[in-house]
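> no sequence for this one, just the structure:
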Ligand code: DNO
């Protein structure tokens, strides 16, 4: 596995490249031009800037997370074609700097959703928390108000610019069913996968987080059957997966290590983290250690080891520990601990293979 670390960019992240350099075994940063609105073509000079920033540290920039998909594409509006063209141009430019994997998602309106970004765990640290009943009974505008009035709360897909259009967006999605979303995804993939193939890039879709419908919006990248269906929409190695253990794992019916084994050759990017799921459907993110959450991370790492995984791996959200002030889920300390846990598991497996 090739270890990478998500970095939001100079001035946009509390973590520095110097710090990342000192985490054992990190080869590259996972990056994006976070200020370019979804649907716009990424400027080459900005892409080159990232490369120039990363290279002195010996980091590659092979993995982009994410090139976001414009809502018109997900909605299947006639205007989608121009945004798809822009998407293709962005793929071509990313190819010019050697990008290998582009992560994206197909969640309507919102990206990951939580009810509290700083919920206390027993050890005094805080972590991202999802209270199911609260979301089920909530008017999404309420949550938007909470977010808008608290500048410390940032969630992807909840940018102020986007939130302004929320009423229209909800209106637009009113008649979009899951089947419509599938066919809009197929349309998109049929256009972009040939471009990705040409440049040897893997388009790695990220599962929905949480993997079920929120606020009545359709969500489809949620379980094994749907991942199978996705891979068949366009049957190409470039139509690939970001297998996120924590996103899929918040539904206890999803067996992550089984998915790793089944989709082995189509997983381009692995997000590994743990999550503790409660009986009422709530969940909280924990340390990566198996015994701290509901997922057996050791078993998941073993599945990757068994398939001889050579793709990219990153630790995912961490807790906020040791009083670190950071982007929710994206501090230095707990993600660095997460990496050491992943390496610990991996190295032990390598060792027993050698000894066998
Ligand atoms: C959350 C991330 C997601 C992910 C996007 C991929 O921290 O896992 O925001 O980057 O869904 O497009």
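Structure received. If you're wondering where the values come from, they're calculated on a predicted model, not measured in any experiment. Numbers count the residues shown, from 1 in each chain.
> output the below-cut-off pLDDT ranges for this structure.
151-157 (pLDDT under 70).
> what do you get if the cut-off is 90, keeping everything else the same?
In the prediction, the chain carries residues with pLDDT under 90 at positions 110, 137-171, 174, 356.
> within range of the ligand, give me the residues from it.
Within reach of the ligand by Cβ under 6 Å from any ligand atom, the chain has these residues: 65-66, 103-105, 111-112, 156, 206, 244, 317, 329. Glycine gets a C-beta too; all of them are placed from N, C-alpha and C.
> can you tell me which of those residues are in strands?
65, 103-105, 206, 244 (DSSP state E).
> what helix or strand is residue 314 on?
Assigned by DSSP states H and E, residue 314 belongs to strand 312-315.
> that strand packs against which elements?
strand 2-6, strand 26-31, strand 60-65, strand 267-272, helix 333-355 (3 or more Cβ pairs under 8 Å, 6 or more residues apart in numbering; DSSP states H and E).
> that strand pairs with which strands?
Sheet partners assigned to strand 312-315 using DSSP bridges are listed as strand 2-6 (parallel), strand 267-272 (parallel).
> run a quick neighbour tally on the closest residue to the ligand within the stretch 151-300 of the chain.
Going by Cβ to the nearest ligand atom, the ligand is nearest to residue 206 of the stretch 151-300 of the chain, at 3.6 Å. Neighbour count for residue 206, taken as other Cβ atoms under 10 Å: 22.
> with residue 336 instead?
Neighbours of residue 336 using other Cβ under 10 Å come to 20.
> distance to residue 126 for the helices and strands packed on strand 312-315 - can I get that in JSON lines?
Below are the helices and strands packed on strand 312-315 laid out as JSON lines (distance: least, Cβ to Cβ, whole Å):
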{"stretch": "strand 2-6", "distance to residue 126": "19"}
{"stretch": "strand 26-31", "distance to residue 126": "23"}
{"stretch": "strand 60-65", "distance to residue 126": "23"}
{"stretch": "strand 267-272", "distance to residue 126": "20"}
{"stretch": "helix 333-355", "distance to residue 126": "10"}
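> next, the buried residues of stretch 181-196.
Neighbour counts over stretch 181-196 (16 or more other Cβ atoms under 10 Å) mark 181-182, 184-185, 187-189, 191-193, 195-196 as buried.
> distance from it to the middle of the chain?
Between the centre of stretch 181-196 and the centre of its host chain there is 19 Å, according to Cα atoms, centre = their mean, to the nearest Å.
> which residues touch it?
Residues from elsewhere that reach stretch 181-196 (Cβ atoms under 8 Å, 6 or more residues apart in numbering): 69, 73-76, 80, 84, 87-88, 91-92, 102, 106, 108, 202-203, 218, 220, 229-230, 233-234, 236, 238-239.
> which parts of this structure are strands?
Along the chain, counting by DSSP E, strands occupy 2-6, 26-31, 60-65, 101-105, 116-120, 126-130, 202-206, 239-244, 267-272, 275-277, 283-285, 312-315.
> ok, the fifth one: who's next to it in the sheet?
Looking back up the chat, that one is strand 116-120. Going by DSSP bridges, the partners of strand 116-120 are strand 126-130 (antiparallel).
> endpoints of stretch 275-284, how far apart?
End-to-end distance of stretch 275-284 (Cα to Cα, to the nearest Å): 6 Å.
> for stretch 207-225, same thing?
End-to-end distance for stretch 207-225: 13 Å, by Cα to Cα.
> the nearest residue to residue 48 once chain neighbours are set aside: what's it in contact with?
Distance criterion Cβ to Cβ, 6 or more residues apart in numbering; nearest residue to residue 48, sequence neighbours excluded, is residue 97 at 6.6 Å. Contact analysis of residue 97 by Cβ under 8 Å, 6+ apart lists 47-48, 51, 61.
> report the contact partners of the residue lying closest to residue 69 once chain neighbours are set aside.
Nearest-residue entry for residue 69: residue 104, 5.7 Å, with adjacent residues in sequence omitted and distances by Cβ to Cβ, 6+ apart. Shown in contact with residue 104 (Cβ under 8 Å, 6+ apart): 66-69, 203-206.
> export the residues you listed to CSV and append columns for distance to residue 122.
Formatted as CSV, those follow (distance: Cβ to Cβ, whole Å):
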residue, distance to residue 122
66, 33
67, 38
68, 36
69, 38
203, 40
204, 35
205, 35
206, 30
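> one step back: looking at the strands paired with strand 312-315, which is buried most?
strand 267-272 (a mean of 25; mean count of other Cβ atoms under 10 Å).
> about what we covered before: among the contacts of residue 104, the buried ones, what's the PyMOL command?
In PyMOL, a selection of the buried entries from the contacts of residue 104 looks like this (16+ other Cβ under 10 Å):
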select buried, resi 66+67+68+69+203+204+205+206
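> just to revisit the earlier point, distance of the residue nearest to residue 69 relative to residue 259?
From residue 104 over to residue 259 the distance is 19 Å, taken as Cβ to Cβ, to the nearest Å.
> again with residue 85
33 Å.
> of those two, which one has the most company?
Ranked by neighbour count (other Cβ under 10 Å), residue 85 and residue 259 place residue 259 first, with 23 against 12.
> and the closest residue to that one other than its chain neighbours, what does it touch?
Residue nearest to residue 259 in three dimensions, not counting chain neighbours: residue 224, with 5.7 Å by Cβ to Cβ, 6+ apart. When contacts are counted by Cβ under 8 Å, 6+ apart, residue 224 touches 254-255, 258-259, 262.
> can you redo these as TSV with distance to residue 34?
TSV is the format used below for the contacts of residue 224 (distance: Cβ to Cβ, whole Å):
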residue	distance to residue 34
254	29
255	33
258	34
259	29
262	33
